[in-house]
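K.L.:
Here is my input; please provide its structure:
(3 chains)
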Amino acid sequence: MAGLPFSQLDGAGHLRHFLTTEGLSRETLTDILDTADSFAAVGKRAIKKVPLLRGKTVVNLFFEPSTRTLTTFELAAKRLSADVMNINLKRSAAVKGESLLDTLHTLEAMHCDMFVIRHASSGAAHFIARNVAPHISVMNGGDGRHAHPSQALIDVYTIRQHKPDFSKLRVAIVGDIAHSRVARSQIRTLRALGVKEVRIVAPRTLLPPMPEALGAKVFLSLEEGLRDVDVVMMLRLQQERIQGPLLPSLHEYNACYGLTEKKLAVAKADAIVMHPGPLNRGVEIDSEVADGPRSVILQQVSHGIAIRMAVMSMILGRRDAAKEPG
Amino acid sequence: MAGLPFSQLDGAGHLRHFLTTEGLSRETLTDILDTADSFAAVGKRAIKKVPLLRGKTVVNLFFEPSTRTLTTFELAAKRLSADVMNINLKRSAAVKGESLLDTLHTLEAMHCDMFVIRHASSGAAHFIARNVAPHISVMNGGDGRHAHPSQALIDVYTIRQHKPDFSKLRVAIVGDIAHSRVARSQIRTLRALGVKEVRIVAPRTLLPPMPEALGAKVFLSLEEGLRDVDVVMMLRLQQERIQGPLLPSLHEYNACYGLTEKKLAVAKADAIVMHPGPLNRGVEIDSEVADGPRSVILQQVSHGIAIRMAVMSMILGRRDAAKEPG
Amino acid sequence: MAGLPFSQLDGAGHLRHFLTTEGLSRETLTDILDTADSFAAVGKRAIKKVPLLRGKTVVNLFFEPSTRTLTTFELAAKRLSADVMNINLKRSAAVKGESLLDTLHTLEAMHCDMFVIRHASSGAAHFIARNVAPHISVMNGGDGRHAHPSQALIDVYTIRQHKPDFSKLRVAIVGDIAHSRVARSQIRTLRALGVKEVRIVAPRTLLPPMPEALGAKVFLSLEEGLRDVDVVMMLRLQQERIQGPLLPSLHEYNACYGLTEKKLAVAKADAIVMHPGPLNRGVEIDSEVADGPRSVILQQVSHGIAIRMAVMSMILGRRDAAKEPG
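P.N.:
Residues are numbered from 1 along each chain as shown, chains lettered A, B, ... in the order given. The predicted structure is shown next:
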């Protein structure tokens, strides 16, 4: 990242903010996954709480409502024993009376430690990270299309639980590749961790202009794309796409690209099925698959807490360590 | 409860959910009241907190707003040291994008421990309890008419503080018996605990079709109904009843069934007066009684916290114990 | 305060509520500032938490929304380890179904310890303090014009950090003196702490009828008013004033009374500049000053947390001490 005007890493290459998976090395990615392992265990204990962030203040700064995302970050911070403040900036009078930067500086002056940013524009988290005081870290809580940088980490973490040797894996990503930042982030992360073959499966209208440039094999047919894969990652079809001109009809989309048990039969017998949620049942995925034995969709939700706990503790824990003598 | 398709008790007869007082044995009821005793003491200490549910996550899932109820459950959970999440599902985008069951399963996957359900339909809590994962317990937070199963427990707990020997008690329940689930639940609980005589007092239009089937003596006259009673339990007159066709006028209702000091004179000298709140002052109860020396209405509020702490700790504490060896 | 029908002090002269700085002795004021010193240090530690109010319940009772104020009180209470409940009474159904006093008594019965009141009318906090049970303390969280009694304490605390010897200080308060309860409270507090000279600077339309009665020197010219001062306290120009008939135009107001680096040049070289926030940049203060080296505006925000922690802990801590034998 040297030479770039802004980096989410500090001078020693450690996470100072968490804005994107872009540019994260295999070493850093593996470090996050390993840390998440210990927190995944915490979630299953009777006392699901560790004192790592006691006395830290995490502020969820939400510029648009998202109960699901807010719940995940709030839970992660509380289980790390942090104090959590939820601020809905859309409703807040603050945005009228003062500028965003004044609001941020006010929160900084209250000695907060981390801002989790949820904003319709994914650039907002970057902008805020560039402008906060040195004692504040920023986590990107995603934008309105449920694209958040934690998702790719959650996905590779979930794959690793079931298929630890990435060098042998075939992974198919199915759905709206063109408009999905998640897909691009997934491909990049899978390749950074050494996955053998990444495939993208979509109708021509939902493929980006130069799909091969992503470093993935392109398939227009679901049946061919799923053949012999170890992992199927379904993308959520966004509402604007469902009603938009790029798809002939939901029925037809479901017939061609909706995942059913029958279509899944060509994948490996022990293939796992993933979806970032929330599900459009009967559109991109049928209930028999979503609730079936090969679905790891709810595991992804659990891992979402563990990944967020891992990133929060790595950022805030390391910062404390950095303050120590030496 | 054997043979029924669903029970709030586990195989050993312990509370696994808390949905209704129906079917709770005298032993279980007494167990809850005894447990509440210890928590009532906690509320009076300088440090009103016990570590019993540390590391547990209690989610208040509110499908309709109710500040009063939410406050009570939130306080109870926090004083047990649980982490508390408040989710307003009406406002939440989640209900649009995904089904209720997907929302529930998502929260389950985040390793939550208890859902407190507040829904306009009292069947919602049962439905959810039937469909949650084994590690989740459900508490019924009531419906929009302030009918929640904790109320009957709060009431008998409050009576027991003042009149410990139930076998000698005469209790009058006054008001809209016909439409009140609270009344039915109160009668059942009072009788299960051995109260000598339960009376219901109401105009004919507010009596159920076969009032005697409830196991209570019926009185149309307040003066007769209150004669020599030890406990007067006033019901709240719901707004739809106040404006509805079953009552001639508020003035007339107050004249005949509104509790005043004068009417109360026929009860025993040490009779106590109860009301579940919020009060319709000047309708079912006059301020001179509500704020008078025989009123225990605010004690009922205090006991509401103790009862909820008791039920939460019994359910979640026992569940942990059940996980131990064997 | 003897002889008055109601006092925020108890019989021993200690704070029982915190409603106003009016009537607080130099000793009490200094006591609060000294206590705030220890909490200001807490904000800079890695673990920004002390267990002083563990097991206490602080309820933020907000009758109008104010994210900034709510955040400050919530953070202060959480860093003292109290349980915090936020209740928005405007949205709450409670206000419809029951009277304010019934709502308060209900919260009292839940064994809460402190109400922080935010209400458009500053009399509300006094009214509530007069009517709560003996175990409840009330803090005034201010009214809609951001006038809260903590502000004057925050200001003198900030001055003391930079200029500890008050007996030599010249302080200028600039802006809408006529309509600002903050200004009156600042003048009184500065004088109670022995500040040598307090000046008020404003156009004639924004001066109170008898300005000298406040105990301050009056200046119509900003240049004269700022000459040789040690401290410049800018007031926020309220929105209704900006659009109202008392000011010719914003441009003209800014030209005459807006603080710029150039105008500040007549003050002492080490003068500090204060503002209670939120800022109207380009109206009463220019960004070059607000963000410049002499601005202590963000320090005021930090000190806001420390002052609130000090007052909360003095009130609730002393109350516990008072319960001890003797």
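K.L.:
Identify each buried residue in the longest helix along chain A, please.
P.N.:
Selection of the longest helix in chain A by residue count, based on DSSP state H, yields helix A:297-323. Of all the residues in helix A:297-323, those buried under the rule 16 or more other Cβ atoms under 10 Å in any protein chain shown are A:297-316, A:318-319. (Each C-beta comes from the backbone N, C-alpha and C, glycine too.)
K.L.:
Distance check, A:Thr35 against A:Leu29.
P.N.:
11 Å (Cβ to Cβ, to the nearest Å).
K.L.:
typo on my end, it should be A:Phe127
P.N.:
25 Å.
K.L.:
again, but for A:Lys49
P.N.:
Between A:Lys49 and A:Leu29 the distance is 27 Å, computed by Cβ to Cβ.
K.L.:
Show me which residues of stretch A:250-261 are buried.
P.N.:
Per 16+ other Cβ under 10 Å, stretch A:250-261 contains these buried residues: A:250, A:253-254, A:256-259.
K.L.:
Distance check, A:Ala271 against A:Lys217.
P.N.:
Between A:Ala271 and A:Lys217 the computed distance is 17 Å (Cβ to Cβ).
K.L.:
Would you mind telling me which of these two has more residues around it?
P.N.:
When A:Ala271 and A:Lys217 are compared for neighbours, A:Ala271 comes out ahead with 21 against 15, by other Cβ atoms under 10 Å in any protein chain shown.
K.L.:
how would you label A:Pro278: helix, strand or coil?
P.N.:
Following DSSP: H, G, I helix; E, B strand; the rest coil, A:Pro278 is assigned to coil.
K.L.:
That one contacts B:Leu100, doesn't it?
P.N.:
No: between A:Pro278 and B:Leu100 no contact is recorded; they are 11.7 Å apart, counting by Cβ atoms under 8 Å.
K.L.:
Now do the buried residues in the helix or strand harbouring A:Ile128.
P.N.:
Using DSSP states H and E, A:Ile128 sits within helix A:123-131. Residues of helix A:123-131 classed as buried: A:124-129 (neighbour count, 16+ other Cβ under 10 Å).
K.L.:
Look through chain A and state the residue closest to chain C.
P.N.:
Using Cβ to the nearest Cβ, A:Gly55 is the residue of chain A that sits closest to chain C, at 3.1 Å.
K.L.:
any idea how far that residue is from A:Glu108?
P.N.:
Spatial separation of A:Gly55 from A:Glu108 under the definition Cβ to Cβ is 17 Å.
K.L.:
circling back to that earlier point, quick check: the residue of chain A closest to chain C touching C:Pro51?
P.N.:
No: between A:Gly55 and C:Pro51 there is no contact, the gap being 10.7 Å when judged by Cβ under 8 Å.
K.L.:
These two - which one has more neighbours?
P.N.:
A:Gly55 (19 against 10).
K.L.:
three-state assignment of the more buried one?
P.N.:
Assigned with three-state DSSP, A:Gly55 falls in the coil class.
K.L.:
how about it, what does it touch?
P.N.:
The contact partners of A:Gly55, by Cβ atoms under 8 Å, 6 or more residues apart in numbering or on different chains, come to A:83, C:45-49, C:79.
K.L.:
ok, so of the residues you listed, who is nearest chain B?
P.N.:
Closest approach to chain B among those (Cβ to the nearest Cβ): A:Asp83, at 11.8 Å.
K.L.:
what's the distance between that closest one and B:Asp230?
P.N.:
When distances are taken as Cβ to Cβ, A:Asp83 and B:Asp230 turn out to be 48 Å apart.
K.L.:
and what of A:Asn86?
P.N.:
As for A:Asn86, its distance to B:Asp230 is 48 Å (criterion: Cβ to Cβ).
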